[in-house]
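Engineer: Sequence and predicted structure below; questions after.
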Amino acid sequence: MSAVTEPLSEDSEAAALSEDNGRLVVFDVSTVPDDPPEAEFYRHRPDMLHSARELLRRWDVMFTLAERDIRAQYKQAVLGVAWALLVPLVNLAMLSILASHVSGFTPGGHVPWLLWAYSGLLAWGLFGGAIGGGMNSLVANKALMAKSHFPRECFPLSQVLESAFGSLIALVPLIVLFGRYTYAPRLATLWSPLYLAIEIPFTLGLVFLVSSLVVTMRDLQQVVPIFMPLIMLITVLQPLAVEKHHVLTAHFITDPLFRVIYCVLNPAAAVLSNFRDSMLLGFGPQWEILIAGAIGSVGYLLLGYTVFKRLEVNFADLT
């Protein structure tokens, strides 16, 4: 074996030997860069359309996970499925106590207060329940996620389905309240599927966003539960569309620009107000705030899903 020798520096530890085509070459290790070239770094660029199609193909996994969670949540509980009724009823009691301490606060107008407040809580329930459950969906299923190959979106989406199940059960107290006050829902309630079509993308987008960020920012597990009740109070108690009963909120309601910006940032407010005004007052969609809410809803979905797919490559390691 031939060898090529080159003069070594005074510091022999700064030199090394390598084999190159059967020859020993002496080189200075100080010339080796600390990091690989920028082009060698891995860049996770997911195909969003392909991921969405793959997710739709595995819809059965979402339902299986949702069924598992529903059974685990209610099977060993003393009250069972009644827990799905307890949460909105407790929130209704809290809102009633709060409203009783605000002088002149009668946002329901001629509509009974309990019916007005509970209808708002019902519209909020799907969104609030999905965020609360979906936030920890990836962290709580880290063992299953490490062994499975189906889309990671199935975990937060199963929590959305579970929240939808709870919302269906929560319809029972609403029906009871209608009978208690002999108050019938208006024909405009048939607009509800349109409002739901705006709320669902908003819910999915935030669930994707929060669940993926919690994996790397565990502080969100403490922050989100603090802010969600505050957002609920603002969204449920704030008349936004047709109702203008509370003098303290008059400017908030009548300022068109502020109202549109608010609905883009918080599409749940537009959905909730339209749902309540249609069901209880008989009004059709308030298109100005509804379109603003739809724009915000689609924006949240695109943002949340993009962030989720960008971060999913690290889920298995970080959980």
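Structural biologist: That came in fine, so what should we check first?
Engineer: Show me which residues of the helix or strand where Asp60 lies are buried.
Structural biologist: Element membership for Asp60, per DSSP states H and E: helix 59-74. Using 16 or more other Cβ atoms under 10 Å as the test for burial, helix 59-74 gives Val61, Met62, Leu65, Ala66, Asp69, Ile70, Gln73, Tyr74. C-beta coordinates here come from the backbone N, C-alpha and C atoms, glycine included.
Engineer: what's the closest non-adjacent residue to the fifth one?
Structural biologist: When the adjacent residues along the chain are set aside, Asp69 lies closest to Glu162, with 5.3 Å between them (Cβ to Cβ, 6 or more residues apart in numbering).
Engineer: what sits up against stretch 154-174?
Structural biologist: Outside stretch 154-174, the residues within contact range by Cβ atoms under 8 Å, 6 or more residues apart in numbering are 55, 58, 61-63, 65-66, 69-70, 73, 81, 84-85, 87-89, 115, 118-119, 121-122, 125-130, 132-134, 137-138, 141, 145, 203-204, 207-208, 211.
Engineer: Please identify which helix or strand holds the residue nearest to Asp69.
Structural biologist: Per DSSP H and E: helix 154-169 holds Glu162.
Engineer: Would you mind listing the buried residues in that helix?
Structural biologist: Applying a neighbour-count criterion of 16+ other Cβ under 10 Å, one finds 154-167 buried in helix 154-169.
Engineer: Please apply the same query to stretch 269-281.
Structural biologist: So stretch 269-281, judged by 16+ other Cβ under 10 Å, has buried residues 269-281.
Engineer: Which one of the residues you listed is nearest to Asp219?
Structural biologist: Lowest distance from Asp219 to the buried residues of stretch 269-281 (Cβ to Cβ) belongs to Ala269, with 26.4 Å.
Engineer: Can you give me the neighbour number for Pro193?
Structural biologist: Residues lying near Pro193 (other Cβ atoms under 10 Å) number 7.
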